[in-house]
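> the following comprises the amino acid sequence and a computationally predicted model.
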Amino acid sequence: MLKSYLIIIFSVFLFYSCSKNKVEKVQSEINEEEVVISIYAEAVEALIKGDAFYAGKKFKEAENLLPQSEWAAKASLMESYSHYSRNAYSKSIFSLERHVKNYPADINVPYAHYLMAMCYYEQILDEKKDLKPLLYSKEKFEFIIENYPESDYATDARFKRDLIIDQLAAKEMSIARFYMKTEKWIPALNRLKIVVEDYERTVFVEEALHRLVEVNYKLGLVEEAKQAAAILGYNYESGEWYERSYKIFNKKYKTKKIKKEKEMGLIRRKIKGLFE
């Protein structure tokens, strides 16, 4: 439903932004531009009705018919959106990259980059074992934040980038836990260090620090274990993970019951749960 609503809003905006000054034309004067307008209108109607495949073909036809007109860039972008709306992400990305290259002066270039980022972003949950959609979408969102910081796209890009960073940290923690279960201590240490160094602002850093205490202690690296515990204690002294680490050095210590789990956003809790 959301995509359908966006289709209507965005396509109607593009349509009328070009057609406003065309209404006054003499109807009997048939020319290429009027043909393009007719094809474009047909494509918009098909998109609204849900036939995104046909709409994409018609938008492409409109662009090719009059490539030097103001309609060409709009038709190109709408073709990309048509692919996106039917989840043909690879085709949409290819079309959007072509759009940015062919129409660098188009005022909708920021939207093209944002739509590209969304194409990668919406593939994340279907690609749990593949980091590429995560990394590509993160890169694109960061590009938007850097180059269009005052845009509405940047606001949403910051939010989604933070969720992506959480998920990257979750993947690293999942791998670290696997190595710990299989007693591959050195690879586990390497993964835990990545979480602590690269994802220190995520919800996983407390656990990562505790696991560093555990693994270093098992390997006989007591000073390294104490150092990780000190960092954990300095930043999260009242947390559950610190109590667990404290118990490693003080075997007789009884862990206190945690009355309430620390609050975190619904989406972040969901992401964390996927990798435990």
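Arrived safely.

> which strand or helix spans residue 44?
In this structure, residue 44 sits in helix 32-49 according to DSSP states H and E.

> can you dump the C-alpha atoms of that helix in CSV for me?
This file holds the C-alpha atoms of helix 32-49, laid out as CSV (Å, rounded to 0.1, in the frame of the first residue of the first chain):
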residue,chain,number,x,y,z
GLU,A,32,6.5,14.6,-31.0
GLU,A,33,6.3,16.3,-27.7
GLU,A,34,2.5,15.6,-27.5
VAL,A,35,3.2,12.0,-28.4
VAL,A,36,5.7,11.8,-25.6
ILE,A,37,3.1,13.3,-23.2
SER,A,38,0.5,10.8,-24.3
ILE,A,39,2.9,7.9,-23.8
TYR,A,40,4.0,9.2,-20.4
ALA,A,41,0.5,9.6,-19.2
GLU,A,42,-0.3,6.0,-20.3
ALA,A,43,2.7,4.8,-18.3
VAL,A,44,1.6,6.7,-15.2
GLU,A,45,-1.9,5.2,-15.5
ALA,A,46,-0.5,1.7,-15.8
LEU,A,47,1.7,2.3,-12.8
ILE,A,48,-1.2,3.5,-10.7
LYS,A,49,-3.2,0.4,-11.7
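
> where exactly do the helices run in the chain?
2-19, 32-49, 52-65, 70-85, 89-102, 109-121, 132-147, 152-181, 185-198, 205-218, 222-236, 240-249, 266-274 (DSSP state H).

> is it possible to export these to a markdown table including mean pLDDT?
Formatted as a markdown table, the helices of the chain follow (pLDDT from 0 to 100):
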| stretch | mean pLDDT |
| --- | --- |
| helix 2-19 | 53 |
| helix 32-49 | 89 |
| helix 52-65 | 92 |
| helix 70-85 | 93 |
| helix 89-102 | 95 |
| helix 109-121 | 94 |
| helix 132-147 | 92 |
| helix 152-181 | 92 |
| helix 185-198 | 94 |
| helix 205-218 | 92 |
| helix 222-236 | 89 |
| helix 240-249 | 83 |
| helix 266-274 | 43 |
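
> what's the most buried one of those helices?
helix 70-85 (a mean of 24; mean count of other C-beta atoms under 10 Å). Where C-beta positions appear, they are placed from N, C-alpha and C, glycine not excepted.

> kindly export it (C-alpha atoms) in PDB.
Taking C-alpha atoms only, helix 70-85 is exported to PDB below (Å, rounded to 0.1, in the frame of the first residue of the first chain):
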ATOM      1  CA  GLU A  70      12.600  17.800 -20.400                       C
ATOM      2  CA  TRP A  71      10.500  14.700 -20.400                       C
ATOM      3  CA  ALA A  72      13.400  12.400 -20.900                       C
ATOM      4  CA  ALA A  73      15.000  12.700 -17.500                       C
ATOM      5  CA  LYS A  74      11.600  12.300 -15.800                       C
ATOM      6  CA  ALA A  75      10.700   9.300 -17.900                       C
ATOM      7  CA  SER A  76      14.100   7.800 -17.100                       C
ATOM      8  CA  LEU A  77      13.600   8.200 -13.400                       C
ATOM      9  CA  MET A  78      10.000   6.800 -13.500                       C
ATOM     10  CA  GLU A  79      11.200   3.800 -15.400                       C
ATOM     11  CA  SER A  80      13.600   3.100 -12.500                       C
ATOM     12  CA  TYR A  81      10.800   3.600 -10.000                       C
ATOM     13  CA  SER A  82       8.600   1.200 -12.000                       C
ATOM     14  CA  HIS A  83      11.300  -1.500 -11.600                       C
ATOM     15  CA  TYR A  84      11.700  -0.700  -7.900                       C
ATOM     16  CA  SER A  85       7.900  -0.900  -7.300                       C
END
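
> next, the angle helix 32-49 makes with it.
Angle, helix 70-85 to helix 32-49, by axes from the mean of the first three to the mean of the last three C-alpha atoms, to 10 degrees: 20 degrees.
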